[in-house]
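Participant: I need the structure of the sequence given here:
(chains A and B)
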Amino acid sequence: MSKKILKQKPARTEEVEKWVADEVSEQRERYESIAHEMNVEIEPQREQWYREFEQRIQTTGFNWHADNKKIIKPEEIYPKPDRENKVVY
Amino acid sequence: MARKHIEPFVDRDVEFKRLGMKGIPSGYNYKMLSIDEDSGACTMTVQWDSGYRQPPSVSYSDLEIFIMDGEMKVGDTIWRKGGYFFVPRGVSLPAFSTDKGCFALVMYNDTEPHIVESDADMDGADRGGLVQLATYDEMPWQVPTLFPQTATGCLLKLLRFDEKTHAMTFLYTMTPGFQQDNISYHDCAEEAYHVWGTSWMMQFGDLPTGGYFWRPAYVNHGAFYSEHGILGFGRTDGELHNHFHWNPYSNPEENADRAAARLIRQKPELNKWMFTHDHNHIDFEHPDEQYSADSESDRIHSHIHEHMHKHGIEHSHD
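Facilitator: From the prediction side, this is the model:
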């Protein structure tokens, strides 16, 4: 029923259209800044975190459920693919 | 929810702005955390100034409010830290006011923010869906019953659960020293805000008090650690299943493929039913709503698919 209410919403006024456009524009700028920081700037630090994680799951183990862990074998570690690593999409 | 992948963002890094649109009383200040570029649906941290007064009102959008500091008088009741409201579209919210000021998360789920003065519900409004909770006082912490489960020390308070979509709104906490050595992703978008405390994720580093993310489906996050613990507010737009793994380099398309392969393995009969029947799936509980493979795909996957196009990620349409 309540989707009918959403469909009754009046068209945006010019004032509201401008507000939404301004907020969207600001968000796009913020996104670009975040993506650069996360995908580029901290990548060397993250690679170190990945190595430490791989070390832990081969020694203290990988949490496969709650506190249940299993030790990952060296041959089960995923190799780094030949492509740019991204964490923000 | 077609929103950008905003992760991480810390609202303490930006100033409040006045929400000055027609119909919004003065004293309504906001920081935009994320916004849907099409619908204007958004999540904001809001500071209502002391003396703020808002008349009885309705909205064309579902609305959620979570009070983090100060107090707000709604009708005759004073709500303080931990007060949570889910106000369905068209349900009238009584007049509210604050003498001391009020700091809250505010989420318009369907449209840009707006207030329509009215002390009566709109026709067809779902008043039974109204949720009002004093979450800090009335609710115990629960151990999540998801399978696979998060590690000991991650606890939940479920504030709202959509029976149709399994979308959730919840409080969560990590106790001091919480650690979980796996990488997770979900079939749904996930959003969270740190009310207090700092936690670390292997992809994004530290997320402190005031930290926020809106993360599309199938994006890797974790391992996890919190030295002193955190209190967070979270939401999903669908069922939250923990797909755990240890490949730090997998991308959203690979993760979605893995999730699909798991579905075929774990629910083969359902998979056959969905893909060998070229018809809409009628739900006998909700016969007026038709669920086809397309509509489900739209609901769950459109946001990540759109992101793949926007960012030039190669993927299949088969």
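Participant: and the contacts of the biggest helix by length in chain A?
Facilitator: Using DSSP state H, we find that the single longest helix of chain A is helix A:14-36. Helix A:14-36 is contacted by residues A:12, A:88, B:4-9, B:21-22, B:32, B:34-35, B:37, B:40, B:42, B:112, B:114 when judged by Cβ atoms under 8 Å, 6 or more residues apart in numbering or on different chains. C-beta: built from backbone N, CA, C; applies to glycine.
Participant: tell me the mean pLDDT over that helix?
Facilitator: Mean pLDDT, computed over helix A:14-36, is 98.
Participant: ok so, going back, which of the contacts of helix A:14-36 fall in helices?
Facilitator: Going by DSSP H, the helices hold none of those.
Participant: just the buried members of the residues you listed?
Facilitator: Neighbour-count burial (16 or more other Cβ atoms under 10 Å in any protein chain shown) is assigned, among these, to A:88, B:4-9, B:21, B:32, B:34-35, B:37, B:40, B:42, B:112, B:114.
Participant: tell me which of the residues you listed is nearest to residue B:58?
Facilitator: Checking those against residue B:58 with Cβ to Cβ, the nearest one is residue B:114 at 9.8 Å.
Participant: local confidence estimate at that closest one?
Facilitator: As predicted, residue B:114 sits at a pLDDT of 97.
Participant: and it, how far from chain A?
Facilitator: Distance of residue B:114 to chain A, given as Cβ to the nearest Cβ, to the nearest Å: 8 Å.
Participant: repeat that for residue B:126.
Facilitator: Counting by Cβ to the nearest Cβ, the separation of residue B:126 from chain A is 5 Å.
Participant: for that residue, which non-adjacent residue is closest in space?
Facilitator: What sits nearest to residue B:126 in space, not counting adjacent residues and going by Cβ to Cβ, 6 or more residues apart in numbering or on different chains, is residue B:88, at 4.4 Å.
Participant: quick one, what contacts the one you found?
Facilitator: Under the criterion of Cβ under 8 Å, 6+ apart, the neighbours of residue B:88 are A:2, B:62, B:125, B:126, B:127, B:129, B:130.
Participant: and it, what pLDDT?
Facilitator: 97.
Participant: give me the element residue A:47 is part of.
Facilitator: Using DSSP states H and E, residue A:47 maps to helix A:43-59.
Participant: quick one: list the elements packing against that helix.
Facilitator: Counting contacts by 3 or more Cβ pairs under 8 Å, 6 or more residues apart in numbering or on different chains; DSSP states H and E, helix A:43-59 packs against no other helix or strand.
Participant: pull that helix out as CSV, backbone CA atoms only.
Facilitator: Only the C-alpha atoms of helix A:43-59 are listed here, as CSV (Å, rounded to 0.1, in the frame of the first residue of the first chain):
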residue,chain,number,x,y,z
GLU,A,43,48.0,0.8,-1.1
PRO,A,44,51.6,0.2,0.2
GLN,A,45,50.5,0.1,3.8
ARG,A,46,47.6,-2.2,2.9
GLU,A,47,50.0,-4.6,1.1
GLN,A,48,51.8,-4.9,4.4
TRP,A,49,48.5,-5.5,6.2
TYR,A,50,47.7,-8.3,3.7
ARG,A,51,51.1,-10.0,4.4
GLU,A,52,50.4,-9.8,8.1
PHE,A,53,46.9,-11.3,7.6
GLU,A,54,48.4,-14.1,5.5
GLN,A,55,50.9,-14.8,8.2
ARG,A,56,48.2,-15.0,10.9
ILE,A,57,45.8,-17.3,9.0
GLN,A,58,48.8,-19.7,8.4
THR,A,59,49.6,-19.7,12.1
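Participant: and the contacts of the very next helix or strand once past that helix?
Facilitator: Going down the chain from helix A:43-59, the next helix or strand is strand A:62-65, by DSSP H and E. The contact list for strand A:62-65 (Cβ under 8 Å, 6+ apart) reads A:69-72, B:147-149, B:151, B:180-182, B:244, B:246.
Participant: emit the ChimeraX select command for whichever of those are buried.
Facilitator: A single ChimeraX command selects the buried members of these (16+ other Cβ under 10 Å):
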select /A:69,72 /B:149,151,180,181,182,244,246
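Participant: can you tell me the closest non-neighbouring residue to residue B:74?
Facilitator: Per Cβ to Cβ, 6+ apart, closest to residue B:74 is residue B:96, 4.5 Å.
Participant: before we move on, back to that, for residue A:3, see how far away the residue nearest to residue B:126 is.
Facilitator: Distance of residue B:88 to residue A:3, computed by Cβ to Cβ, to the nearest Å: 11 Å.
Participant: and residue B:227, by the same measure?
Facilitator: Residue B:227 is 45 Å from residue A:3, by Cβ to Cβ.
Participant: tell me which of these two has more neighbours.
Facilitator: Each of residue B:227 and residue A:3 has its neighbours counted (other Cβ atoms under 10 Å in any protein chain shown); residue B:227 has more, 15 against 10.
Participant: quick check: that one touching residue B:176?
Facilitator: Yes. If you go by Cβ atoms under 8 Å, residue B:227 and residue B:176 touch, sitting 6.8 Å apart.
Participant: looks like residue B:30 contacts residue B:46 (just checking).
Facilitator: Yes. The pair residue B:30 and residue B:46 passes the contact test of Cβ under 8 Å, sitting 5.1 Å apart.
Participant: between the two, which contacts overlap?
Facilitator: By Cβ under 8 Å, 6+ apart, residue B:30 and residue B:46 have these common neighbours: B:19, B:106.
Participant: who's the nearest residue to residue B:147 once chain neighbours are set aside bridged to?
Facilitator: Nearest residue to residue B:147, sequence neighbours excluded (Cβ to Cβ, 6+ apart): residue A:65, at 7.1 Å. Per DSSP bridges, the residues bridged to residue A:65 are residue A:68.
Participant: please apply the same query to residue B:224.
Facilitator: residue B:180, residue B:201.
Participant: what of residue B:35?
Facilitator: Beta-bridge partners for residue B:35, by DSSP bridges, are residue B:42.
Participant: now for it: which residues touch it?
Facilitator: Shown in contact with residue B:35 (Cβ under 8 Å, 6+ apart): A:20, A:23, A:24, A:27, B:3, B:41, B:42, B:43, B:112.
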